[in-house]
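Enquirer: let's see this in three dimensions:
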Amino acid sequence: MEEAKTKECGDCGKSIPFNIFLRDNPTLSKKTAKTLWEDPFIIPYCPECFLKRPEKPFRRRRRFNYNNCLKMRI
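Expert: Next up, the predicted model:
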């Protein structure tokens, strides 16, 4: 397998080689990691910046209320 290029961290701009990305994501197979690495829409973060990123809250699920739909039809 050919060597993938290095990418820059999305926050600090630090250079991240593919082998470091692979080491930090041990649950990914090499093929899956390479696919993610080559995807232009996925921004890699160095371990320091990744751990400092704020978590986004989960969106609450909206429940479908069938009774409201019946009231609207009447």
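Enquirer: now the strands for this protein?
Expert: Here the chain has its strands, by DSSP state E, at 7-8, 15-16.
Enquirer: in TSV: those, plus mean pLDDT, distance to S29 and mean neighbour count.
Expert: C-beta here means a position set from N, CA and C on the backbone, and glycine is covered the same way. As requested, the strands of the chain are arranged in TSV below (pLDDT from 0 to 100; distance: least, CB to CB, whole Å; neighbours: other CB atoms under 10 Å):
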stretch	mean pLDDT	distance to S29	mean neighbour count
strand 7-8	92	19	16
strand 15-16	94	19	14
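Enquirer: for those, which one sits closest to K31?
Expert: strand 7-8 (17.8 Å; CB to CB).
Enquirer: residues in contact with that closest one?
Expert: 14-16, 21, 37, 44 (CB atoms under 8 Å, 6 or more residues apart in numbering).
Enquirer: picking that back up, make TSV from the strands of the chain and add distance to R53 to it.
Expert: Listed next are those as TSV, based on distance: least, CB to CB, whole Å:
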stretch	distance to R53
strand 7-8	16
strand 15-16	15
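Enquirer: out of those, which gets nearest to K52?
Expert: strand 15-16 (15.2 Å).
Enquirer: mind listing the strands that closest one pairs with, and their directions?
Expert: strand 7-8 (antiparallel) (DSSP bridges).
Enquirer: distance of T32 from I43?
Expert: 17 Å (CB to CB, to the nearest Å).
Enquirer: do the same with E8
Expert: 9 Å.
Enquirer: at which residues are the helices of the protein located?
Expert: 18-24, 30-38, 47-52, 66-73 (DSSP state H).
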